[in-house]
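S.K.: kindly generate the corresponding structure for this input.
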Amino acid sequence: MTNSYPPDLPPEIHFSWGVTGVGACARCRDIRTLIVHSALHTADECEPLCLECLHSALTSFCSDARSKMWEFEQNGARIEDTPEYQVAKATYDTYYEVIDVLMNNRARIQHTREEVLAHEQGCQSCACFGTNLVFAISWHDHSITGRVHENCASRCSICDNHYYRPFARGVGGYFELHRVIMERGALSRMCQECFDLAGVEESHILCDCGNWDTEERMFEAWDNLYCRGCSSNIDDCDYCGELRWTDGDHTCEEESRVIKSYDFVPSGGFVFHGDSPLNHYLGFELEVELPSGDSLKPIASQTNDLIGERGFLKYDGSLDNGFELVTMPHTLEEYMSKFPFTALDELRESGFRSWDTDTCGFHIHVSRATFGMRLKDTKPTQGRKDAHMLRFTKLIYDNRRQVKRIAGRSSDRWASFDDVGRLTDKIKTGHQVNGRYSAVNISSKRTLEIRVFKGSLNVSRVKAYLQFVHSTVEYTRELHVSPNDNNLMWRRYTGWLHKNEQQYPELVSLLGNLPERRSDEGGN
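M.R.: This next block holds a predicted model:
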């Protein structure tokens, strides 16, 4: 019997298989009906497998193909434009088709039960050819004995007899007798006769899993008692706090988790706080670490309560033991007057750090919609948007030495200035030398992200960061730039800033207190 399919796929995922006869499986070594398959064999190297081992191997191939699909999906690739993804998906689908065909032809592939049982090497339990057969007692009728595989029988730990269930293969390759977890923690299997003689029912409690355990070793959960073996697989969910089976299918709503996953997006979308005719909104991401290694949950819950609907917490893979505080879009005025910055004080007092770490940064997102808007609120053209974004970005890149002093750090890894000299191309084409790890990251469709700042739990410094981004957007909004003027020079910007000191007090104060030399800078 041979099959070949499917005809419309590339050669590398075109499969064929056939039955070779009866013999020892190359993997499990049992004597079975054997199959060769093009997914696992070549003309020069062919190891026939039994149906069970072939099924296991093909399932592993399915998993590998699905992992490749997952990588493309996680990387945000446009699926329909990715040939590699299409090959991976076709491979995945085809392997499952292979498995379905083999399982549907199982009766044709395997010898009949009568043929196996008539054979001197036939197992009385699983009805397969086999080696390492032992004499065992029938579970249903103790007067009947037969030859079975060792893994098709269970041996009583008390009387040492083998028992089997005819024509039924249980979980793990054998069926279970009554099981008892002994006082020393070892798991023993007992036949019914020995179980009764030992008086297990009088001294032990039956767990839902079928194990018997002593009452003092039982674990209480969901108003029920579980044996020591089951209790090791029960804990409370890190997100919702409810008890769960660690190897089960427990799920909880992402919205209810204290610390969200890295790719979390609010189901109702981002909520804007404050009113801005120019659509000038800011949002920040503050990374914090707990150096002690203690649990994040207690203070995370408290922080979550303090910030309420104005933000949320989420995990970040670059942190060792911490999380990221992400805010909803706010106007600068809304931040300064209503945002609960006391959450930062609570984090610091609870042992969290941001400045004194090598991992934490502070990123500010500014809405793209504000670029190109003029004070008279006329609808901007794309050219006007690009021109404003270029002026804003160029102000930061041209004055990178001063910007790094405000930011408190210089990080070529997380906030590179390597795009300097290529800013026009950066704005027009979206190409960035270091990808999203640029000082001004323009990869997002809705925001520009300024990544230069060192993380801080000092409220005044955080306010100064926000005021810096807001002020640079506003300064460059109506700015006229020509080759013959110097409007993007730092002294021109700071002169404008001091005229608007009332709107940016923390930033002006920070500039006045910066050390004269970069090497003298300190943290707070």
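
S.K.: can you give me the buried ones in the longest helix seen in the chain?
M.R.: The longest helix of the chain (DSSP state H) is helix 51-74. Residues of helix 51-74 classed as buried: 51, 53-55, 58, 61-62, 65-66, 68-69, 72 (neighbour count, 16 or more other C-beta atoms under 10 Å). Yep, even glycine has a C-beta here, placed from its N, CA and C like the rest.

S.K.: which one of the residues you listed is nearest Ser482?
M.R.: Nearest to Ser482 among the buried residues of helix 51-74: Phe72, at 46.7 Å, using C-beta to C-beta.

S.K.: that older thread, what is the longest helix of the chain packed up against?
M.R.: Under the contact definition 3 or more C-beta pairs under 8 Å, 6 or more residues apart in numbering; DSSP states H and E, helix 51-74 sits against strand 31-37, helix 83-104.

S.K.: how distant is that helix from the center of its chain?
M.R.: How far helix 51-74 lies from its chain's middle: 19 Å, per C-alpha atoms, centre = their mean, to the nearest Å.

S.K.: tell me the pLDDT of Gly455.
M.R.: pLDDT recorded at Gly455 is 96.

S.K.: now do the contacts for it.
M.R.: Counting by C-beta atoms under 8 Å, 6 or more residues apart in numbering, Gly455 makes contact with 286-288, 354-355, 357, 360-362.

S.K.: what's the closest of these to His149?
M.R.: Closest to His149, out of all of the contacts of Gly455 and judged by C-beta to C-beta, is Glu287, at 56.7 Å.

S.K.: what sits against the residue nearest to the closest one when sequence neighbours are not counted?
M.R.: Leaving aside its chain neighbours, Glu287 sits nearest to Cys360 (4.0 Å; criterion: C-beta to C-beta, 6 or more residues apart in numbering). Counting by C-beta under 8 Å, 6+ apart, Cys360 touches 286-289, 319, 322, 353-354, 454-455.

S.K.: just the buried members of the residues you listed?
M.R.: Taking 16+ other C-beta under 10 Å as the criterion, what is buried in the contacts of Cys360 is 286-289, 319, 322, 353-354, 454-455.

S.K.: burial count for Leu448?
M.R.: Look at Leu448: counted by other C-beta atoms under 10 Å, it has 22 neighbours.

S.K.: need the three-state assignment for it.
M.R.: Under DSSP: H, G, I helix; E, B strand; the rest coil, Leu448 falls in the strand class.

S.K.: show me the contacts for it.
M.R.: Per C-beta under 8 Å, 6+ apart, neighbours of Leu448: 365-366, 368, 371, 389, 392-393, 440-442.

S.K.: what about the closest residue to Thr381 other than its chain neighbours, which helix or strand?
M.R.: Counting by C-beta to C-beta, 6+ apart, Gly372 is the residue found nearest to Thr381 once chain neighbours are left out, at 6.9 Å. Here Gly372, judged by DSSP states H and E, is contained in no helix and no strand.

S.K.: residue contacts, Gly372?
M.R.: 380-382, 384-388.

S.K.: how about the residues you listed in CSV, adding secondary structure?
M.R.: CSV is the format used below for those (three-state DSSP):
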residue, secondary structure
Pro380, coil
Thr381, coil
Gln382, helix
Arg384, helix
Lys385, helix
Asp386, helix
Ala387, helix
His388, helix
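
S.K.: what's the closest of these to Met190?
M.R.: The closest of those to Met190 turns out to be Lys385 (C-beta to C-beta; 78.0 Å).

S.K.: how many neighbours does the closest one have?
M.R.: Neighbours around Lys385, by other C-beta under 10 Å: 17.

S.K.: distance of it from Thr429?
M.R.: 15 Å (C-beta to C-beta, to the nearest Å).

S.K.: which of the contacts of Cys360 fall within strands?
M.R.: 286-289, 322, 454 (DSSP state E).

S.K.: which two of these have the greatest separation?
M.R.: Gly322 and Lys454 (14.8 Å).

S.K.: returning to that earlier point: just give me the closest of the contacts of Leu448 to Gly421.
M.R.: For the contacts of Leu448, the nearest to Gly421 is Thr393 (12.1 Å; C-beta to C-beta).

S.K.: am I right that that closest one is in a helix?
M.R.: Yes. Assessed by three-state DSSP, Thr393 belongs to a helix.

S.K.: contact partners for it?
M.R.: With C-beta under 8 Å, 6+ apart, Thr393 has these contacts: 423, 426-427, 440, 442, 448.

S.K.: flag every buried residue along stretch 292-299.
M.R.: For stretch 292-299, by 16+ other C-beta under 10 Å, it's 296, 299.

S.K.: let me fix that, I meant to ask about stretch 217-233.
M.R.: For stretch 217-233, by 16+ other C-beta under 10 Å, it's 217-219, 221, 225-231.

S.K.: give me the mean pLDDT for that stretch.
M.R.: Mean pLDDT, stretch 217-233: 78.

S.K.: hey, C-alpha coordinates of it in CSV?
M.R.: Presented in CSV, the C-alpha positions along stretch 217-233 are these (Å, rounded to 0.1, in the frame of the first residue of the first chain):
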residue,chain,number,x,y,z
ARG,A,217,-0.7,14.8,54.0
MET,A,218,-3.8,15.9,52.0
PHE,A,219,-4.0,19.4,50.6
GLU,A,220,-7.3,21.4,50.7
ALA,A,221,-8.4,23.3,47.6
TRP,A,222,-11.9,24.2,46.2
ASP,A,223,-13.5,22.6,49.3
ASN,A,224,-11.9,19.3,48.5
LEU,A,225,-8.9,17.3,49.6
TYR,A,226,-6.0,16.3,47.3
CYS,A,227,-3.1,14.0,47.7
ARG,A,228,0.5,15.2,47.9
GLY,A,229,1.1,14.4,44.2
CYS,A,230,-1.8,16.6,43.1
SER,A,231,-1.0,19.4,45.5
SER,A,232,2.3,20.0,43.8
ASN,A,233,0.3,20.8,40.6
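
S.K.: from the chain's centroid, how far away is it?
M.R.: 29 Å.

S.K.: also stretch 257-275?
M.R.: Offset of stretch 257-275 from its chain centre (C-alpha atoms, centre = their mean): 18 Å.

S.K.: what mean pLDDT does that stretch get?
M.R.: Averaging pLDDT along stretch 257-275 gives 85.

S.K.: what do you get for stretch 310-322?
M.R.: 90.

S.K.: now stretch 133-152
M.R.: Averaging pLDDT along stretch 133-152 yields 67.

S.K.: list the buried ones in the one helix or strand Phe195 maps to?
M.R.: Taking DSSP H and E as the criterion, Phe195 maps to helix 192-198. Within helix 192-198, the residues that qualify as buried are 194-195, 198, counting by 16+ other C-beta under 10 Å.

S.K.: let's have these in CSV, adding pLDDT.
M.R.: Below are the buried residues of helix 192-198 laid out as CSV (pLDDT from 0 to 100):
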residue, pLDDT
Cys194, 76
Phe195, 75
Ala198, 74
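
S.K.: what's the closest of those to Gly308?
M.R.: Distances from Gly308 to the buried residues of helix 192-198, taken by C-beta to C-beta, are shortest for Phe195, at 58.4 Å.

S.K.: about what we covered before: which of the contacts of Leu448 fall within helices?
M.R.: 389, 392-393.

S.K.: and those residues, which is closest to Ser460?
M.R.: Of the ones in helices among the contacts of Leu448, the one sitting nearest to Ser460 (C-beta to C-beta) turns out to be Phe392, at 24.1 Å.

S.K.: re the thing from before, out of the contacts of Gly372, which is most surrounded?
M.R.: His388 (22 neighbours).

S.K.: okay, it: pLDDT?
M.R.: Model confidence at His388, given as pLDDT, is 95.

S.K.: who's in contact with it?
M.R.: When contacts are counted by C-beta under 8 Å, 6+ apart, His388 touches 371-372, 380, 476-477.
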